[in-house]
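Chemist: The sequence isn't on hand, but the structure is:
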């Protein structure tokens, strides 16, 4: 009836609406000798030449100037944006004109626009990035492409040996699902777009290349802009995440200067924190993501337990004799045949979870509640315990599912904590330890909730007692009142 299983993001779709203005860029050929002199007072000379050239390109395009309060710098995360002066909370730290934004409309304005028009948005942008990467010095995006990493610590890039470290986790099944999805999309686009258009793709694009592009979009795209879902913003995508930032309203689309004598919509980023000169500028990537989500999308996790989560998957079995009735009730109340409940460490059970569980467990003497006469009231009935048998079945099934899930991990929480304390582990192993430990803690938390509930079963008021009270047939001491005929 009920089961614990993973949530696979293999059906995730990315949308990148964009403007139809074709970007225009200036090439910086044969200028490498002057770069250091130009930038000596601006950015650390230990910064890679690729970043220095990118910064110079941004200057020439008018994206940055002496007034720009941030610059690239070495930070614990690797590369980030550092304040060049004191910055107050909500100060604008950068603006990028719309003509530099990268999404499907930019693809549509390019040479491959016509053949990409029917593709999923993220696939068209992935092909666009790959084409620009392989064009090398001829690419108008050369200086941006040059600063992109060859990969991240996202689990989609992990080796088979590394993936063994997340054995039993929902993260592993999600990762494998995503990899299978991306691989299938690559084979399809290779056959339908890449190979038939050799003039536009005169280079070999491998599965690894396609995964690189997917990982770049997954980790660097912005969302939550007005009329935009996801969009890649060169320069802005250098900014790093911090758990210290607890708001997400840092980015917006605004009217601003797009050049010396022109105006356009710009991507505007404001600092969510007050900073001193030399401090790193941070934003919040996504408050709702779990540590497993962070590991998959960005290649890092947070050390605190706030993002530890486990997804409980509940399903109305087609073999259930009351399948049709239960499905109708679920759909009438915003659920479906399958329901997913994200349970977070230290938080109460999600809204609707107990109601759905009680619905799944309805049967036997309680089945009368599934009759059509109760159809408009049953969801309200399910807010409170129905019967001891119903509540006991819920506890037993959930606890058994937790036990089964916990048995799938190859380490215990105590072993994970010992490894964490010892340190001297790679970033990927630290992530693996953090995610599997977090999932197990949440599973233990779920088990404890229903274990405690089992001890209360004899003291809970069930539907029949509540009904008798409503009819005035139960006395103050809980005894049933029998009326003698006159």
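Modeler: Yep, it's here. Quick caveat, the model's predicted, so the values are computed rather than measured.
Chemist: So in terms of bridging, what pairs with the closest residue in space to residue 242 that isn't next to it in sequence?
Modeler: Nearest residue to residue 242, sequence neighbours excluded (CB to CB, 6 or more residues apart in numbering): residue 282, at 3.5 Å. (Glycine included, C-beta is placed from N, CA and C.) Beta bridges link residue 282 to residue 240, judged by DSSP bridges.
Chemist: Contacts only, for residue 282.
Modeler: 239, 240, 241, 242, 244, 245, 272, 273 (CB atoms under 8 Å, 6 or more residues apart in numbering).
Chemist: can you redo the residues you listed as a markdown table with neighbour count, pLDDT and distance to residue 95?
Modeler: Putting the contacts of residue 282 into a markdown table (neighbours: other CB atoms under 10 Å; pLDDT from 0 to 100; distance: CB to CB, whole Å) gives the following:
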| residue | neighbour count | pLDDT | distance to residue 95 |
| --- | --- | --- | --- |
| 239 | 23 | 97 | 13 |
| 240 | 18 | 97 | 19 |
| 241 | 17 | 96 | 21 |
| 242 | 17 | 96 | 21 |
| 244 | 9 | 95 | 24 |
| 245 | 16 | 96 | 20 |
| 272 | 20 | 97 | 16 |
| 273 | 21 | 97 | 19 |
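Chemist: Most widely separated two among those?
Modeler: 239 and 244 (13.6 Å; CB to CB).
Chemist: that older thread, roughly how far does the residue nearest to residue 242 sit from residue 215?
Modeler: 21 Å (CB to CB, to the nearest Å).
Chemist: and what of residue 468?
Modeler: 61 Å.
Chemist: try residue 232
Modeler: For residue 232, the distance to residue 215 - CB to CB - is 12 Å.
Chemist: swap in residue 235?
Modeler: 19 Å.
Chemist: Other residues contacting the helix or strand where residue 358 lies?
Modeler: Applying DSSP states H and E as the criterion places residue 358 in helix 353-361. Identification of contacts with helix 353-361 by CB under 8 Å, 6+ apart yields 1-2, 312, 314, 316, 326, 329-330, 333, 335, 339, 341, 343, 378-379, 382-383, 385-386, 390-391, 393-394, 397-398.
Chemist: Can you mark which positions in it are buried?
Modeler: For helix 353-361, a neighbour-count test (16 or more other CB atoms under 10 Å) marks 353, 354, 355, 356, 357, 358, 359, 360, 361 as buried.
Chemist: Following element in sequence after it, please.
Modeler: Next along from helix 353-361, by DSSP H and E: helix 378-381.
Chemist: Let me know the average pLDDT across that following helix.
Modeler: Mean pLDDT, computed over helix 378-381, is 96.
Chemist: And the contacts of that helix?
Modeler: Contact partners of helix 378-381, identified using CB under 8 Å, 6+ apart, comprise 329, 332, 333, 355, 359, 369, 370, 374, 463.
Chemist: and if you look at stretch 156-163?
Modeler: 151, 155, 172, 175, 178-179, 182, 211, 214-215, 218, 296, 299, 428-429, 432.
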